[in-house]
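Colleague: sequence and predicted model, in that order:
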Amino acid sequence: MGQKVSPEFIQTSLAASLTLGFQNGSFHRNAKLKGLNLLLHYDEGCLGKCHFCGLSKSRQEGPKGKTFIRVDWPLYPLEEIIERTKAKDQIHRVCISMITHPKAMEDTLYVIERLKKNTDLFISVLISPTLIRHEDSLAAMKKAGADRVGIAIDAATPQLFDQLRGKGVEGPHQWNHYWNVTGMGVSVFGKFYVGIHLIVGLGETEKEMVETIQRGQNMGAYTHLFSFFPEKGSPMEKHASPPLDQYRRIQLARWIINESLGSANQMRFDENGRLINFGMEVESLIQSGEPFMTSGCPGRDGKVACNRPYGNERPSGPIRNFPFMPEAEDIEEIRTQLGLNKKSIID
Ligand code: SF4
């Protein structure tokens, strides 16, 4: 068992495991996985101590590395994952999540090269900025075959970042460094070939979240949005998920900013930092349903490939990130969640 570590073994998301036929099961409402998420695995786990993460060193119970975001991440041989992927046209992209571990950089390059050589998938890397000191490391990933990188900034303010990922938990991560590496990513991979991950509901105001999304946009990085989920066994297991109306407003604001339809400057907030006016007509955006779909790296068709079905909520719902186009009933539900019937958020 001790030998089953990266790079020859790698964890997959549960959705990937089902799609590749390692396990039996089907997706609620026939959601189709288009992006394969892989996660490096070491016996020592991740050296980060992030307060909200199931992989963190401060995790209180359960086998090390057993869970990451919400569900199990089973471990398989890389070779077998590659073989099974070849028969799956529905998969457009693969994403390799590094973790903060001394071997992660070298092993990530190895996994990129193997995937590049043996598949025609686009390759993203969810990088660990703490391991990256120079652009050279990113350039090496690009040379090996990656076309995009993601950076999990997660917390929307320097205070929250420090408190949940940095000094507050005696963790190694630093806010400024994460943004510096975001800049390096843009310089190596190009504008909008970089995505930042942000988690709604860690304690930030809506204004702070919107401003951070705008900061990323100004640098050339899209935001891939997550809704906080209390990871069992993590120190934040008792912290509630953000209210649905808050999450829906942030999804709309992200869409407006990332699609360059408007900017944070034009949006208005109340004294508690709650978004009360988008500064533009949003009914048609809501009706399109697109702002509420999962945001992530694109696939061969230019549409989001990293749709992470049910990576953010229980399949029993309510769905926060739609892995497919929301249907008419979903839009109705979203309108209710936004409180539109009360005519409260939009002038
Ligand atoms: S959006 Fe998905 S594919 Fe892109 S970096 Fe994030 S996890 Fe990876």
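Modeller: Nice, I can see it. This is a predicted model, so every value here is computed, not measured.
Colleague: for the ligand, give me its nearest residue in the stretch 101-250 of the chain.
Modeller: Gly150 (2.4 Å; Cβ to the nearest ligand atom). In this view, the C-beta of every residue, glycine as well, is placed from N, C-alpha and C.
Colleague: in a helix, that's where that residue is, yeah?
Modeller: No: applying DSSP: H, G, I helix; E, B strand; the rest coil, one finds Gly150 to be strand, outside a helix.
Colleague: gap between it and His197?
Modeller: Using Cβ to Cβ, to the nearest Å, Gly150 is found at 6 Å from His197.
Colleague: higher neighbour count, these two?
Modeller: Gly150 (23 against 16; other Cβ atoms under 10 Å).
Colleague: got a list of what Asn307 touches?
Modeller: Ala31, Lys32, Leu33, Lys34, Gly35, Met293, Thr294, Gly296, Asn321, Pro323, Phe324 (Cβ atoms under 8 Å, 6 or more residues apart in numbering).
Colleague: was I right to think the residue of the stretch 101-250 of the chain closest to the ligand contacts Ile196?
Modeller: Yes: between Gly150 and Ile196 there is a contact under Cβ atoms under 8 Å: 7.3 Å.
Colleague: who touches both of these two?
Modeller: Common neighbours of Gly150 and Ile196 (Cβ under 8 Å, 6+ apart) are His224.
Colleague: can you list residues touching both of Gly150 and His197?
Modeller: With Cβ under 8 Å, 6+ apart, Gly150 and His197 have common neighbours Leu126, His224.
Colleague: can you pull out the helices in this protein?
Modeller: 14-19, 78-86, 104-118, 135-144, 158-164, 175-189, 206-219, 244-258, 283-288, 328-337 (DSSP state H).
Colleague: name the residues of the fifth one that are buried.
Modeller: To tie it back to what came earlier, the one meant is helix 158-164. Buried positions in helix 158-164, judged by neighbour count with 16 or more other Cβ atoms under 10 Å: Leu160, Phe161, Asp162, Gln163, Leu164.
Colleague: what does it contact?
Modeller: For helix 158-164, contacts defined as Cβ under 8 Å, 6+ apart pick out 50-52, 153-155, 168-169, 173, 175-176, 178, 202-204, 236.
Colleague: before we move on, back to that, mean pLDDT for the helices of the chain: which is lowest?
Modeller: Among those, helix 14-19 carries the lowest mean pLDDT, at a mean of 92.
Colleague: contacts for it, please.
Modeller: 23-27, 33, 36-38, 71-74, 76, 88, 90-91, 308-311.
Colleague: with only the CA atoms kept, save that helix in CSV.
Modeller: The C-alpha coordinates for helix 14-19 follow below in CSV (Å, rounded to 0.1, in the frame of the first residue of the first chain):
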residue,chain,number,x,y,z
LEU,A,14,-15.6,10.2,-7.8
ALA,A,15,-17.3,11.6,-10.9
ALA,A,16,-14.2,10.6,-12.9
SER,A,17,-14.1,7.2,-11.3
LEU,A,18,-17.7,6.6,-12.4
THR,A,19,-17.2,8.0,-15.9
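Colleague: and the two most separated of the contacts of helix 158-164?
Modeller: Pairwise distances across the contacts of helix 158-164 (Cβ to Cβ) peak at 23.5 Å, for the pair Asn176 and Met236.
Colleague: comparing the two, which shows the higher neighbour count?
Modeller: A direct count of neighbours by other Cβ under 10 Å for Asn176 and Met236 places Met236 higher, at 19 against 9.
Colleague: if I look at the more buried one, how far off is Ala155?
Modeller: In terms of Cβ to Cβ, Met236 sits 12 Å off from Ala155.
Colleague: now swap in Leu252 and tell me
Modeller: Taken as Cβ to Cβ, the span from Leu252 to Ala155 is 21 Å.
Colleague: the two: who's more crowded?
Modeller: Neighbour count, other Cβ under 10 Å: between Leu252 and Ala155, Ala155 has more, with 27 against 22.
Colleague: contacts only, for that one.
Modeller: Taking Cβ under 8 Å, 6+ apart, we find Ala155 in contact with Phe161, Gln163, Leu164, Arg165, Leu198, Ile199, Leu202, Glu204.
Colleague: repeat that with 10 Å
Modeller: 50-52, 161-166, 173, 175, 178, 198-199, 202-204, 208, 212 (Cβ atoms under 10 Å, 6 or more residues apart in numbering).
Colleague: okay, it: pLDDT?
Modeller: At Ala155, pLDDT is 98.
Colleague: with Ile345 instead?
Modeller: 48.
Colleague: got it, and Ala152?
Modeller: Ala152 carries a pLDDT value of 97.
Colleague: re the thing from before, list the residues that contact the residue of the stretch 101-250 of the chain closest to the ligand.
Modeller: 95, 97, 124-127, 182, 185, 194-197, 221-222, 224, 296-297, 306.
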